[in-house]
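**Q** this one's sequence-less:
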């Protein structure tokens with residue numbers, strides 16, 4: 001490849017959207033460089049296969065944070081997709097957009113053009129809603145959003161318990177109101193995962209003007225006199241260069257700032273200490289890191305229900321799925337949940353999100369607990385704490401330093417403590433009487449705020465939603481402008497979750513796809 005018109009770095013959720021949209025005219029020569037491999041694993045496409053993907057380090061970047069002061073010095077594991085489709089190929093497929101106030105807040109903070117009214121058309125453009133189009137949803141788009149084909153009785157018990165406690169039912173978290181409990185809609189089509197690679201990239205691969213290179217780790221951006229000229233990348237042990245007048249980073253909230261820093265775009269003092277030539281002094285690169293910290297309340301079951309299968313049971317689930325595209329193999333495991341106001345809520349907006357899983361989850365599912373049980377995740381939707389991504393060295397192969405800085409703001413701890421109490425209230429409702437055994441985490445003996453805070457510090461984990469490290473805005477710490485152009489480098493842009501000024505109040509995959517849809521019109 002001697003050159004092209006547009007290079008996209010990363011074939012994750014955003015990169016797949018951009019590849020499809022930017023190559024659609026047939027004239028623009030687009031090359032996508034992806035560090036990971038093909039999405040050929042059976043467990044990617046079988047929804048319940050996410051239980052197996054957690055141990056397949058060939059499909060994720062296997063990141064960990066630095067020791068977190070607010071979490072007893074623990075290093076939290078951050079699995080991010082390193083495969084076509086990125087994290088949309090390994091996530092739980094929950095389709096949520098957040099709250100309108102999230103996007104209105106972006107616009108008020110300097111991201112003009114990104115209010116809820118202005119981004120809603122791009123959510124709808126992306127969507128092929130199985131229930132049909134309405135004021136909030138689109139049909140005919142690349143991304144199938146559907147109801148689950150299979151639901152566990154324990155998930156229904158969770159919904160019954162929440163309603164017994166007075167929480168409203170909500171059939172659509174992305175409709176008129178977010179608040180309430182209900183079934184998650186998922187990015188699945190005909191019982192298979194509808195990742196961004198399936199929805200956007202595969203349909204575009206037939207075009208002669210789109211090239212996708214896997215196993216290509218971009219090591220440096222080529223900048224000449226303040227303008228992008230192309231990229232340097234390593235493929236099969238060889239260092240190569242590819243020239244283009246336009247480059248868009250779509251590597252996500254870790255890899256996009258890392259590549260900018262490696263290329264001399266970031267805080268000048270930090271770059272100079274590592275011997276990296278400064279191309280643009282942008283102090284905001286890598287800062288503003290936000291994530292949803294999550295605590296799991298786990299209860300043993302006195303009945304053999306849910307998804308804690310034996311090896312033989314797992315084999316039968318796989319066979320049934322192959323034959324029917326249904327059964328537990330079609331489940332995303334996090335089938336039901338909700339958005340609720342805890343006792344710590346500062347206003348009328350939901351401040352916690354729940355994901356109910358009819359199985360025992362510990363350490364991201366890597367620690368298999370004996371017996372049967374169920375897990376209720378609770379995360380604080382709008383954390384105040386901020387972290388950062390920095391370079392550990394100038395070596396592109398070295399993992400960056402991730403300092404999430406969880407619980408640096410006391411308000412985040414208060415929200416999680418209130419969230420645990422809310423979760424316990426639901427799990428103690430009569431609907432669970434026939435199943436309820438002992439509370440394993442945090443444990444019934446822990447009741448005071450101080451004890452629950454100790455449990456959070458000891459066991460809380462990420463729910464996989466890092467954003468904000470190449471923040472969009474117009475102030476001195478913004479990395480990109482509202483058109484997603486990188487300040488100080490002509491022809492370079494970023495279009496992924498890293499540009500979010502603040503984290504949306506929900507799962508972040510749908511907002512990331514929306515950003516890429518809007519980016520395609522801005523870059524077109």
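**A** It's in. Everything quoted here is computed from the prediction, not taken from an experiment.
**Q** Tell me how many other residues crowd the nearest residue to residue 91 once chain neighbours are set aside.
**A** Leaving aside its sequence neighbours, residue 91 sits nearest to residue 509 (C-beta to C-beta, 6 or more residues apart in numbering; 6.0 Å). For every residue, glycine as well, the C-beta is placed using N, CA and C. Residue 509: 28 surrounding residues under other C-beta atoms under 10 Å.
**Q** show me what contacts residue 509?
**A** 13, 87, 88, 91, 94, 95, 187 (C-beta atoms under 8 Å, 6 or more residues apart in numbering).
**Q** And the residue nearest to the second one when sequence neighbours are not counted, how far from residue 63?
**A** Take residue 87 and drop its neighbours on the chain: the residue closest to it by C-beta to C-beta, 6+ apart is residue 81, 3.9 Å away. The span separating residue 81 from residue 63 equals 11 Å under the rule C-beta to C-beta, to the nearest Å.
**Q** the more surrounded of those two?
**A** Per other C-beta under 10 Å, whichever of residue 81 and residue 63 has more neighbours is residue 81, with 28 against 19.
**Q** Name the residues linked to that one by a beta bridge.
**A** Beta bridges link residue 81 to residue 60, judged by DSSP bridges.
**Q** Strands along the stretch 251-400 of the chain, start to end?
**A** 265-266, 280-281, 293-301, 336-340, 352-357, 373-380, 388-390 (DSSP state E, counting those that start in this stretch).
**Q** closest to residue 196 out of those strands?
**A** Closest of the strands of the stretch 251-400 of the chain to residue 196 is strand 352-357, at 21.0 Å (criterion: C-beta to C-beta).
**Q** what helix or strand is residue 438 on?
**A** In this assignment (DSSP states H and E), residue 438 forms part of strand 436-441.
**Q** Just the buried residues of that strand, please?
**A** Judged by neighbour count using 16 or more other C-beta atoms under 10 Å, the buried positions of strand 436-441 are 436, 439, 440, 441.
**Q** Check stretch 510-522 too.
**A** 510, 511, 512, 513, 514, 515, 516, 517, 518, 519, 520.
**Q** how about the nearest residue to residue 326 once chain neighbours are set aside, what does it touch?
**A** Take residue 326 and drop its neighbours on the chain: the residue closest to it by C-beta to C-beta, 6+ apart is residue 149, 5.0 Å away. Counting by C-beta under 8 Å, 6+ apart, residue 149 touches 188, 191, 325, 326, 330.
**Q** if I read this right, the fourth one contacts residue 320, doesn't it?
**A** Right, the one you point to is residue 326. Yes: applying C-beta atoms under 8 Å, one finds residue 326 in contact with residue 320, separated by 7.2 Å.
**Q** shared neighbours of residue 81 and residue 63, which are they?
**A** With C-beta under 8 Å, 6+ apart, residue 81 and residue 63 have no common neighbours.
**Q** any low-confidence regions in the stretch 1-150 of the chain?
**A** The stretch 1-150 of the chain contains residues with pLDDT under 70 at 1-2.
**Q** orientation of the host helix or strand of residue 161 relative to strand 373-380 in degrees?
**A** Following DSSP H and E, one finds residue 161 within helix 153-164. Per axes from the mean of the first three to the mean of the last three C-alpha atoms, to 10 degrees, the angle that helix 153-164 makes with strand 373-380 is 50 degrees.
**Q** Quick check: which of the strands of the stretch 251-400 of the chain is nearest to residue 47?
**A** Here strand 352-357 is closest among the strands of the stretch 251-400 of the chain (C-beta to C-beta), at 13.2 Å.
**Q** What strands line up against that closest one, and which way round?
**A** Within its sheet, strand 352-357 is paired with strand 336-340 (antiparallel), strand 373-380 (antiparallel), according to DSSP bridges.
**Q** Give me the mean pLDDT for that strand.
**A** What strand 352-357 shows for mean pLDDT is 98.
**Q** Return the residues in contact with residue 90.
**A** 44, 50, 53, 59, 60, 79, 81, 83.
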